[in-house]
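J.: Below: sequence and its predicted model.
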Amino acid sequence: MDAAKLLKPNVDKIGITILLFLLTSFVFVLLTEPETVRAVWLLVLIPAYLASSFIAQSLLNHRLILKILRWVVFIPLSFLILISIISQFAPANPPEVFLITHNFMDLSDVLRMSKYRACAGHQTVDQWSDEPVSNMQHYITADPRVDRDQVEIYAPFDGYVLSDAPHTLADGITMIPKSGVPWWPFNQWRINFPHTHVLPEFQNSPIHEMKAGDVVGYINSLDRYGGVGKGTQVRVGVLAVPPMFKNGNAEPFKKLDSVFHYMTDEVFAEYEAAIPGLHHREDMIISKNYRLEHPCTFEEGGPSFLDNPPFFEMRRLSIELIPIEEQDVYIGVGINDTEGKRKKGMCDNPEDVVNNPECSDSDKT
């Protein structure tokens with residue numbers, strides 16, 4: 001057999017090589033769950049191309065199979081690869097109109113809000129970044145005394161609300177400013193609220209115009225596992241595919257940032273009035289250096305965290321406030337205050353709020 005002819009590249013060999021490389025990479029990532037992607041992995045292309053050369057040679061006498069591969073596998077695969085490459089490019093900063101002029105929630109419906117890069121909930125980090133493990137979004141816990149179906153989500157600026165998944169390629173409500181392209185999910189900054197639903201009138205079409213302050217949806221009453229949902233999250237970033245899998249969690253966003261960098265002073269003033277001890281936007285953001293020096297701890301290997309602080313409480317408590325610099329605290333209730341934490345956990349249950357006098361309104365204010 002002529003080796004030069006066998007190894008001479010053509011469309012079929014390149015298509016089979018890419019297919020083999022993707023399959024190999026998928027199995028490798030699935031089994032090993034690597035922390036980072038390394039350029040050395042591209043060396044897999046060498047044995048993949050050798051194997052594809054032999055496969056293509058063996059299929060020369062089976063033209064029908066080759067034709068099926070070209071139209072059913074290679075063309076869709078090429079399209080997906082092109083989309084994936086294009087999706088990785090986005091402006092470094094959002095447009096000027098990406099400015100929150102109306103708060104996206106009524107803070108009287110909120111019990112607490114986590115800081116950016118908190119060890120809260122589960123890992124959410126930038127794709128392919130050197131960010132330490134944390135949650136690069138803000139968790140928002142609804143007040144247990146409020147019916148979850150009544151906790152509304154408002155349009156933060158003029159623009160478009162993009163219905164529910166799969167139109168948004170992400171869980172929950174997604175919104176983009178007026179300068180965006182509503183039918184294209186990639187390469188543009190968006191604000192996203194997982195565990196939410198748009199209003200029924202927004203569900204028939206994936207694209208709807210909105211004005212700042214419009215009610216666009218609400219927090220789900222049930223979470224994806226059938227339990228009672230406790231709230232939502234708010235994240236700002238750019239969607240890119242394929243998602244990065246890290247520590248058992250898929251990361252669909254890149255360029256994640258805190259929502260507090262994109263709100264007017266008037267909107268931020270609402271948070272200052274609602275959160276004890278909050279005076280600066282950066283108080284809601286844990287620095288990258290701090291998180292590197294104080295890493296989050298996983299629960300059973302991840303992606304959920306074991307320690308879970310810190311949160312800002314939206315209600316003033318009689319307990320002396322803990323300094324903001326001490327990150328491993330509930331604001332208003334120290335992490336060593338077991339009685340305070342027990343009471344807070346008890347008051348998270350709506351039935352306990354009704355039946356237990358310790359969860360009365362007087363204790364929440």
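T.: In hand now; what should we look at?

J.: where do the strands sit along the stretch 101-250 of the chain?
T.: 110-114, 138-142, 152-154, 159-161, 173-177, 189-193, 196-198, 208-210, 215-219, 231-246, 249-257 (DSSP state E, counting those that start in this stretch).

J.: who does the second one touch, helix- and strand-wise?
T.: So that's strand 138-142. Judged by 3 or more Cβ pairs under 8 Å, 6 or more residues apart in numbering; DSSP states H and E, the packing partners of strand 138-142 are strand 110-114, strand 231-246. (Each C-beta comes from the backbone N, C-alpha and C, glycine too.)

J.: Equivalent analysis for the fourth one, please.
T.: Where contact means 3+ Cβ pairs under 8 Å, 6+ apart, strand 159-161 is packed against strand 173-177, strand 208-210.

J.: Apply 10 Å and report the result again.
T.: strand 173-177, strand 189-193, strand 208-210 (3 or more Cβ pairs under 10 Å, 6 or more residues apart in numbering; DSSP states H and E).

J.: What strands line up against the second one, and which way round?
T.: The strands beside strand 189-193 in its sheet (DSSP bridges) come out as strand 173-177 (antiparallel), strand 231-246 (antiparallel).

J.: now the angle between strand 138-142 and that strand, please.
T.: Relative orientation of strand 189-193 with respect to strand 138-142: 30 degrees, computed using axes from the mean of the first three to the mean of the last three Cα atoms, to 10 degrees.

J.: now could you export just the CA positions of strand 189-193 as CSV?
T.: Extracted C-alpha coordinates of strand 189-193, given in CSV (Å, rounded to 0.1, in the frame of the first residue of the first chain):
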residue,chain,number,x,y,z
TRP,A,189,-23.8,40.4,26.9
ARG,A,190,-27.0,39.2,28.6
ILE,A,191,-28.5,39.1,32.0
ASN,A,192,-29.9,35.7,33.1
PHE,A,193,-32.2,34.5,35.9
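
J.: okay, the angle between it and strand 249-257?
T.: Using the same axes, to 10 degrees: strand 189-193 against strand 249-257 is 120 degrees.

J.: Show me how far strand 189-193 is from its chain's centre.
T.: Computed by Cα atoms, centre = their mean, to the nearest Å, the chain-centroid distance of strand 189-193 equals 9 Å.

J.: Please apply the same query to stretch 175-183.
T.: 18 Å.

J.: which residues of the stretch 151-300 of the chain score low on pLDDT?
T.: The stretch 151-300 of the chain contains residues with pLDDT under 70 at 163-167, 204-206, 221-229.

J.: got the contact list for the closest residue to residue 216 other than its chain neighbours?
T.: Among residues not flanking residue 216 along the chain, residue 161 sits closest, at 4.6 Å (Cβ to Cβ, 6 or more residues apart in numbering). By Cβ atoms under 10 Å, 6 or more residues apart in numbering, the residues touching residue 161 are 153, 155, 168, 173-176, 182, 198-199, 202, 206-210, 214, 216-217.

J.: if I look at residue 161, how far off is residue 245?
T.: Residue 161 sits at a distance of 29 Å from residue 245 (criterion: Cβ to Cβ, to the nearest Å).

J.: Then residue 254?
T.: Distance from residue 254 to residue 245, by Cβ to Cβ: 14 Å.

J.: More neighbours: which of these two?
T.: Per other Cβ atoms under 10 Å, whichever of residue 254 and residue 245 has more neighbours is residue 254, with 18 against 15.

J.: Surely that one and residue 127 touch.
T.: Yes. The criterion here is Cβ atoms under 10 Å, and residue 254 meets it with residue 127 at 4.3 Å.

J.: Mind listing the shared neighbours of those two?
T.: Residues touching both residue 254 and residue 127 (Cβ under 10 Å, 6+ apart) are 88, 237, 238, 239, 240, 244.

J.: could you show me where the helices are in this protein, in order?
T.: With DSSP state H as the criterion, the chain has helices at 3-7, 11-32, 45-58, 63-68, 75-87, 265-274, 288-293, 338-346, 350-355, 361-364.

J.: and residue 147, which of the ones you listed is closest to it?
T.: Smallest distance to residue 147 across these (Cβ to Cβ): 8.5 Å, for helix 350-355.

J.: Need the mean per-residue confidence for that closest one.
T.: Per-region confidence: helix 350-355 scores 48 on mean pLDDT.

J.: for stretch 102-110, same thing?
T.: Rounded mean pLDDT across stretch 102-110 is 92.

J.: can you dump the C-alpha coordinates of stretch 102-109 into PDB?
T.: Provided in PDB are the C-alpha atoms of stretch 102-109 (Å, rounded to 0.1, in the frame of the first residue of the first chain):
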ATOM      1  CA  HIS A 102     -34.900  49.600  37.100                       C
ATOM      2  CA  ASN A 103     -34.300  47.000  39.700                       C
ATOM      3  CA  PHE A 104     -35.000  43.500  38.500                       C
ATOM      4  CA  MET A 105     -36.700  42.500  41.800                       C
ATOM      5  CA  ASP A 106     -38.700  44.100  44.500                       C
ATOM      6  CA  LEU A 107     -36.200  43.800  47.400                       C
ATOM      7  CA  SER A 108     -39.100  43.600  49.900                       C
ATOM      8  CA  ASP A 109     -39.600  40.100  48.500                       C
END
